[in-house]
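**Student:** no sequence on this one, just coordinates:
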């Protein structure tokens, strides 16, 4: 009789002995060992129930004085306890230092952050500057709680979205398989019906019409198969277009602007840019009506030609306004005061001369000198 799955899994654990009650798996095959992330000492489930059911207690392993709680005990996942401990430390550190690449100014800053996070994981795993590393983690977590929660929510949404896409793809694949089976079955039925119709027509017709009936039946089959292929191609193109439109959709929006870390643990984060307050609506786009830079418009300008018009009702009856004439005339008179023609002409000539100069490389002058010496 082949060994069971549990027997294969625990074959290397037959000699495991509980450090508290000294029971071994060899004598008790149903015994389960549990570990606690505080110290990762392994002990049997019965000892855990007996020691920690009444409340927190010190670890019963000799030399370990850490306080353990029953709800923290769990089954060991990896065979090597060091791997189990490293996985837990990595998960805890990456939960706190969960910055995203789009939160950094450059790719170099993102790589430096990844290196810093791996260095902190290495220190905690190997016991190097554990106190300082833990203090930095706690300080960073307390100062950046908002960004940590925001990134956790984004990660959860990405995971759920990915799972939803996978479920949709599996459902579409199932529908396509079912449609293919139905199409194949319908095709088989159509072929059988065409053959039966052809045989019945041949049986009821004259012998001279056998060739014509056969050719007609073959044409019907070709038309049906061509229509079926055209429909399949149309459906395939439509699905490809839908997949293309889904791939072009914008991805999940990044987290809000990164919070500034007071401890300075992470460098290169983007600065928070507060939006500018909305300005009141300006229908003139910044231009102030009736405001000039070089002159001030008056109500009256003495003129022997315009003074009679001011009192002539025949001219003013049609809506003629002398103020409009004054404004237009002064604007045209002072329009060129802000333009400096000589400076513009000199800049234009300089730019044209630079454009006409040939572009040379660093090796052009030595090459020209060597060529001239060689010609001599």
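**Tutor:** Done, it's in. Only a predicted model underlies this, so the values are computations on that prediction, with no experimental measurement involved.
**Student:** just confirm residue 34 is within a strand.
**Tutor:** Yes - remark: residue 34 belongs to a strand, assigned using DSSP: H, G, I helix; E, B strand; the rest coil.
**Student:** that one: what's its closest spatial neighbour, skipping adjacent residues?
**Tutor:** In this structure, residue 34 finds its nearest non-sequential neighbour in residue 73, 4.3 Å apart by CB to CB, 6 or more residues apart in numbering. (C-beta placed from N, C-alpha, C; glycine too.)
**Student:** I figured the one you found hits residue 48, correct?
**Tutor:** Yes - counting by CB atoms under 8 Å, residue 48 is a contact partner of residue 73 at 5.3 Å.
**Student:** so where's the stretch 101-250 of the chain uncertain?
**Tutor:** Low-confidence segments of the stretch 101-250 of the chain, defined by pLDDT under 70: 202, 205-210, 213-214, 216-229, 231-232, 238-250.
**Student:** try 80
**Tutor:** The stretch 101-250 of the chain contains residues with pLDDT under 80 at 187, 190-191, 194-250.
**Student:** with the stretch 251-376 of the chain instead?
**Tutor:** Short version for the stretch 251-376 of the chain, where the test is pLDDT under 80: 251-276, 282-295, 315, 318, 335-341, 351-376.
**Student:** about what we covered before: identify the contacts common to residue 73 and residue 48.
**Tutor:** Shared contacts of residue 73 and residue 48, defined by CB atoms under 8 Å, 6 or more residues apart in numbering, comprise residue 34.
**Student:** rewinding a little: give me the pLDDT for the residue nearest to residue 34.
**Tutor:** Here the pLDDT value assigned to residue 73 is 90.
**Student:** now swap in the one 3 residues further on and tell me
**Tutor:** With respect to pLDDT, residue 76 has a value of 85.
**Student:** quick one, what contacts it?
**Tutor:** Contacts of residue 76 by CB under 8 Å, 6+ apart are 33, 34, 35, 42, 84.
**Student:** again, only using 10 Å
**Tutor:** Contact partners of residue 76, counting by CB atoms under 10 Å, 6 or more residues apart in numbering, are 13, 32, 33, 34, 35, 40, 42, 83, 84.
**Student:** which one of these is nearest residue 190?
**Tutor:** Nearest to residue 190 out of the contacts of residue 76 is residue 83 (CB to CB; 60.6 Å).
**Student:** okay, now that closest one: neighbour count?
**Tutor:** 12 (other CB atoms under 10 Å).
**Student:** is it true that it lies in a helix?
**Tutor:** Yes - counting by three-state DSSP, residue 83 is part of a helix.
**Student:** now the helices: where do they sit in the protein?
**Tutor:** Assigned by DSSP state H, the helices in the chain fall at 5-9, 45-52, 81-96, 107-126, 130-143, 145-204, 210-247, 307-311, 313-316, 322-334, 341-356, 364-375.
**Student:** if we can go back for a sec, residue 73 and residue 48 - which one has more neighbours?
**Tutor:** Per other CB under 10 Å, whichever of residue 73 and residue 48 has more neighbours is residue 48, with 21 against 18.
**Student:** ok, and the closest non-adjacent residue to residue 17?
**Tutor:** In space, residue 17 is closest to residue 24, 4.7 Å off (CB to CB, 6+ apart).
**Student:** and the one you found, how close does it get to residue 44?
**Tutor:** Look at residue 24 and residue 44: by CB to CB, to the nearest Å, they are 10 Å apart.
**Student:** residue 134 now?
**Tutor:** Following CB to CB, the distance that separates residue 134 from residue 44 is 31 Å.
**Student:** more neighbours: those two, which one.
**Tutor:** residue 44 (23 against 13).
**Student:** would you mind measuring from the nearest residue to the more buried one once chain neighbours are set aside to residue 310?
**Tutor:** Once flanking residues are discounted, residue 44 sits nearest to residue 18: 4.1 Å by CB to CB, 6+ apart. Here residue 18 is placed at a distance of 116 Å from residue 310 (CB to CB).
**Student:** give me the buried subset of the contacts of residue 76.
**Tutor:** 13, 33, 34, 35, 42, 84 (16 or more other CB atoms under 10 Å).
**Student:** among those residues, show me the least confident.
**Tutor:** residue 13 (51).
**Student:** re earlier: can you lay out the contacts of residue 76 as TSV showing distance to residue 153?
**Tutor:** Putting the contacts of residue 76 into TSV (distance: CB to CB, whole Å) gives the following:
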residue	distance to residue 153
13	40
32	36
33	36
34	32
35	31
40	31
42	36
83	30
84	28
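**Student:** hmm, back to that, what's the burial count for the residue nearest to residue 17?
**Tutor:** 16.
**Student:** returning to that earlier point: can you pull the contacts of the residue nearest to residue 34?
**Tutor:** Neighbours of residue 73 in contact, by CB under 10 Å, 6+ apart: 33, 34, 35, 36, 37, 38, 43, 45, 48, 49, 52.
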